[in-house]
Each structure stands twice: as structure tokens, then as C-alpha cells.
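Enquirer: quick one, fold the following:
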Amino acid sequence: MEILFLGTSAAVPSKEHSTSCIAVRSGSDIILLDCGEGSQRQLMLSPFSFMKIRAVLITHLHGDHVFGLPGLIQTMSLSNRTEPLLVCGPPGTSHALDAMMSVTEGEATYDVEVVEVSGGEVLDVRGMAVRPYATDHGIASVGYVVQDRERPGKLDADKARSLGVTSGRDMARLKNGETVNGVRPEDVIGPVIPGYRVAYSGDTRPCGSESVAVAGADVIVHEATYMDSEASQAADHFHTTALQAGEVARDAGARYLILTHISNRYDDRSAVEAEARSVFPESYVAEDMAMYTLSSSGLRFDGVFDRSA
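Expert: Residues are numbered from 1 along each chain as shown. Coordinates of the predicted model:
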């Protein structure tokens, strides 16, 4: 499962950072988390194809999280997309999207299904489970947990050989669910492995239900608009500090935390990262066009794609 940060700025873009958008890819299927202004150009600078986007999950309707959506929908129409697109968001999403498309005279040549959620629902996107949860941003808002497809259990090759299955071809048959020489797949293959779970907070101030909703996530991508020295301002504007994001990850029992939606007032993002690490050591601060891969080996940083093209 790959996580590509297309925009990591809070509210206002800068020369270095675009507004909120994250692409999560499993196989060739992509889910976008928010879609701020400029997201489609960032996608074009990446190895991800916008034609492989199966769903766009909007956390709330502030412009820095949604202004890129009408343009993306129209570009995919101009690129002859025929596959339906799922757009998921809080109450009001359908009206907002209709208004933006109407004002810009945009038109989709394919079906755009809008599903409004408040938390507690489970949606299926190409076998990936999407679970919205309620957040606290002063307006209708949700976060999301995206769970990848289940993975097959591990074949115990030594045990299979001891039971008389020796050829590579017969091992493959077992993996495909066939019984070989009286040996059943369940005799030598472990239980199905649950898919990786990536949680995304969107914009929110700390709320007690969040740690429960994202409990056990492999990766939590959490906003950290402010540092703790400005905690009162964060609360007033319904945002989270880096320290508080670390506490969410710790309390949720997550494996990794990646911070995003960083205010441009913080030129040194390493200080933001250090604050979160003071309570949750496996914390990292995102940069635009940075990609991470989540696998059985853990979370790997794959580098930052060139933005100068």
C-alpha cells in the first residue's frame, strides 16, 4: 500500500507546499483523501494516474480541501473517462459539488456518485473498506479509515514438504485453494491476514472518539496545523497541535504517525516532527510529493518526486 502526499499545507499554499490532498494506492487502484486546489497538477508530476482514481474522500467543505475537485472531474471527462467515480463527504457535499460544477459549467461524461456520511458507515471501494468517523472542526466533518484488501495466509512450505507436497507446481495449487495428495490448503496455510489500515483525520481538534475510531491503524495521517505553544489558538480554530497528534497516535496504538496540514508559519518542519516524537517516537512530518510504502516490513520512505517538471 502506497501513500503519496500531494499537498501538505494548512489552508494557504506556498511555493513549496500545496493544499490538502493525499493519494493512497493499492495495486493500481487509487483513493484520494481530500482534493485541494492544484491537486491534479501534483498528480501529473507523480507516477500515479488520475484515471485510476476510484474514489475521492472529502473530509469537509473548506476550500483548501475541495477546490481541486471540479477541475479534476472535468479533466477526467476531457480524457474520455467512462468508469464511475465515487465522491464521499459530509452532509452538504452533494449540494456543494453541484454548485461548483454549475458555476464553472463543468460536466462529467461519466457517473459521479456522491455519498454523504456522518460516521459509522462502511463503504466498499474495489474491495477496500472505507470507514468514515466523526471529527470536530466546527462544521460538518469526518475522518476516514481506509483498510486494504485481505492478504492470503502464509504457506508453511516445510510442513507441506513433510506431508508429501514437494513440487513448486503443487505448492502453487495449494495456494490457489486446491487439495493436493490429500493435503488441504488449511493444513499448511495460515489464516488470512487483514489488510493494512490507514487513517486520515482531515481537520479536527482533539476529540475523545477519534482514538477509538482509528485504534490499531498501521498509519495515522493527522493534521498538525499548530505547535503546542499555540494550543489555545489551535482549539479556537478547531485544529490539532503536533503534540496532540502524537497523543492520538499513542492512545490509538498506531504503528506510525505522519503529520500533514502544517501551517506555513513553521519554516522548520523538523521542529513539528520533534514535538510529536516527544510522545510518539514513530512520528514523521510529510512534505509535498513524498511517498511512503506500507508493507510487512513496516513503513518505508521512498523519497520525494521532482516538482520542477
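Enquirer: which element is A245 on?
Expert: Assessed by DSSP states H and E, A245 sits inside helix 242-252.
Enquirer: contacts made by the helix or strand hosting M171 with the rest, please.
Expert: Take DSSP H and E as the rule and M171 turns out to sit in helix 168-175. Contacts with helix 168-175, where a contact means CB atoms under 8 Å, 6 or more residues apart in numbering, come from P152, L155, A157, A160, V165, V180, N181, V183, P185, V188, I189. Placement of C-beta: from N, CA and C, glycine included.
Enquirer: most surrounded residue in those?
Expert: V188 (23 neighbours; other CB atoms under 10 Å).
Enquirer: show me what contacts that residue?
Expert: V188 is in contact with L155, D156, A157, K159, A160, L163, V165, L174, counting by CB under 8 Å, 6+ apart.
Enquirer: all helices of the stretch 101-250 of the chain, in order?
Expert: Under the criterion DSSP state H, counting those that start in this stretch, the stretch 101-250 of the chain carries helices at the ranges 157-162, 168-175, 185-188, 208-213, 231-236, 242-252.
Enquirer: is it possible to export the ones you listed to JSON lines including mean pLDDT and distance to T59?
Expert: Formatted as JSON lines, the helices of the stretch 101-250 of the chain follow (pLDDT from 0 to 100; distance: least, CB to CB, whole Å):
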{"stretch": "helix 157-162", "mean pLDDT": "90", "distance to T59": "44"}
{"stretch": "helix 168-175", "mean pLDDT": "88", "distance to T59": "39"}
{"stretch": "helix 185-188", "mean pLDDT": "88", "distance to T59": "41"}
{"stretch": "helix 208-213", "mean pLDDT": "90", "distance to T59": "12"}
{"stretch": "helix 231-236", "mean pLDDT": "96", "distance to T59": "17"}
{"stretch": "helix 242-252", "mean pLDDT": "97", "distance to T59": "15"}
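Enquirer: okay, the ones you listed, which one's buried deepest?
Expert: Across the helices of the stretch 101-250 of the chain, the average number of neighbours (mean count of other CB atoms under 10 Å) peaks for helix 242-252, which reaches a mean of 23.
Enquirer: nothing else from me, thank you.
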